[in-house]
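> Only the shape, not the letters, is given here:
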Ligand SMILES: *Cc1c(COP(=O)(O)O)cnc(C)c1O
């Protein structure tokens with residue numbers, strides 16, 4: 001479906017039924033698959049034939065949906081994972097192991113920051129966090145001989161900084177390493193990171209892709225552009241024999257197009273087992289079929305809310321990269337489809353942490369949730385929830401202050417959302 005527009009891919013890519021087969025993606029709710037001979041199955045274990053033998057590694061329903069996401073991103077191969085966390089962990093751990101180093105933007109999702117800064121450090125992988133707005137010189141200085149990847153988010157959750165693809169991809173490629181991009185907030189509807197030099201894309205499909213707050217899930221997509229063999233000494237896991245598969249060299253056997261995802265499936269999914277349920281993948285596919293329609297409404301609501309907040313005397317500052325005047329406006333115009341970003345708007349209420357909490361209590365439509373990016377509008381106070389483990393300095397580095405509120409605009413009527421915010425701000429004002 002590579003030649004079709006995004007709207008058509010959202011609806012039609014991935015599962016393509018043959019004559020007489022079910023029209024809707026079948027849920028293959030089976031842990032195992034039957035073979036006529038042991039020899040047939042042996043070929044699968046040796047990665048000599050493609051097929052299914054155990055759903056911890058691969059399942060047809062999951063693969064149909066992964067293929068759709070690959071097509072939407074313009075990639076060559078993809079896999080689904082049980083969560084966005086698993087996707088980011090696999091994407092990095094597939095090429096960086098003990099003794100290695102990764103350069104990451106400091107403006108990333110709190111869960112990813114913990115994964116990198118705490119848990120993966122325990123595994124012996126070191127991270128250097130750089131400001132998304134650092135100079136080229138600062139960025140280049142962050143690299144070391146053992147650096148294996150650069151990591152960033154298209155639109156950072158919750159700071160809403162827009163990634164400078166050109167600067168980061170240039171530096172990554174100059175140092176012979178791939179750029180890994182978490183494209184959760186923009187979705188391929190609003191940004192296609194491969195067009196801007198990214199090599200690997202990850203998603204928390206839990207957010208807009210699922211879109212209804214139904215299933216936690218993740219995805220990894222390979223652009224097929226990164227030449228592992230050209231930097232063979234840096235990536236021995238892809239360019240030297242894997243003893244657990246009779247000496248297969250992934251980059252030779254599966255090429256630039258397939259090596260990364262095949263290795264992640266054959267080793268990481270085999271050993272860590274973060275596979276989504278086929279049923280969840282079926283639900284995800286239903287979400288994907290309307291992603292292009294939903295993103296329009298999320299963005300329209302986001303822009304209206306951001307405009308209203310920016311004109312309120314109760315508001316200190318608004319972040320929304322599609323709003324003219326936002327520091328990331330021009331980057332959003334450059335990298336995003338029509339400058340459209342997402343439905344998430346963050347703002348600093350005039351006052352303290354207490355005013356932020358009071359405002360949220362008065363909202364009638366926006367519910368307080370540790371979630372973003374689904375049909376129902378919600379809000380969150382990062383300093384007392386998702387980011388409460390961070391020190392004050394780490395909070396500032398991540399672009400978060402104690403009066404910051406993150407609003408996720410859902411699919412409701414635009415006027416109703418603006419009115420809800422207006423009455424809650426009025427209530428805070430009246431109580432002063
Ligand atoms: C939510 C989120 C994640 C983590 O995904 P889960 O599906 O919750 O594991 C990673 N990155 C971003 C940008 C997110 O918003």
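Received it, and whenever you're ready, just let me know what you need. Note that the structure is predicted; figures quoted are calculated from it, not measured.

> can you tell me which residues contact the residue in the stretch 201-350 of the chain that the ligand sits nearest to?
Nearest residue of the stretch 201-350 of the chain to the ligand (CB to the nearest ligand atom) works out as residue 204 at 3.0 Å. Every residue, glycine included, has its C-beta placed from N, CA and C. Residues near residue 204 by CB atoms under 8 Å, 6 or more residues apart in numbering: 83-85, 87, 109, 182, 184, 217-218.

> Now the two most distant members of these.
Pairwise distances across the contacts of residue 204 (CB to CB) peak at 15.1 Å, for the pair 109 and 217.

> Please list which of the contacts of residue 204 are also close to the ligand.
Contacts with the ligand within the contacts of residue 204, as defined by CB under 6 Å from any ligand atom: 83-85, 109, 182, 184, 218.

> Please name the nearest non-neighbouring residue to the residue of the stretch 201-350 of the chain closest to the ligand.
Nearest residue to residue 204 in three dimensions, chain neighbours excluded: residue 84, at 2.5 Å (CB to CB, 6 or more residues apart in numbering).

> Mind checking which of the contacts of residue 204 are in strands?
In strands, defined here by DSSP state E, the members of the contacts of residue 204 are 182, 218.

> for the contacts of residue 204, which one is nearest the ligand?
residue 84 (2.2 Å).

> Thought residue 220 was touching the closest one, still the case?
No: assessed by CB atoms under 8 Å, residue 84 is found out of contact with residue 220, at 10.1 Å.

> got the residues of the stretch 101-250 of the chain near the ligand?
109, 111-112, 153, 157, 182, 184-185, 204, 206-207, 216, 218.

> Report the two of those residues separated the most.
Maximum pairwise distance among these (CB to CB): 18.1 Å, between 153 and 216.

> between those two, which one's more packed in?
Higher neighbour count among residue 153 and residue 216: residue 153, with 26 against 17, using other CB atoms under 10 Å.

> Quick check on residue 84 and residue 220: which one has the bigger neighbour count.
Remark: of residue 84 and residue 220, residue 220 carries more neighbours, 29 against 25, as counted by other CB under 10 Å.

> Is the residue of the stretch 201-350 of the chain closest to the ligand bridged to anything, and to what?
residue 218 (DSSP bridges).

> So the chain: which segments form each domain?
Domain ranges of the chain: 6-286, 294-431, per automatic domain parsing.

> If you average pLDDT over each of those domains, which is lowest?
Per-stretch mean pLDDT for these is lowest at domain 294-431 (a mean of 93).

> first to last residue in that domain, what's the distance?
Taking CA to CA, to the nearest Å, domain 294-431 runs 37 Å from one end to the other.

> So it, near the ligand or not?
No: contact of domain 294-431 with the ligand is not found when judged by CB under 6 Å from any ligand atom; the minimum separation is 6.5 Å.

> Leaving out chain neighbours, which residue sits closest to residue 416?
Nearest residue to residue 416 in three dimensions, chain neighbours excluded: residue 365, at 6.2 Å (CB to CB, 6+ apart).
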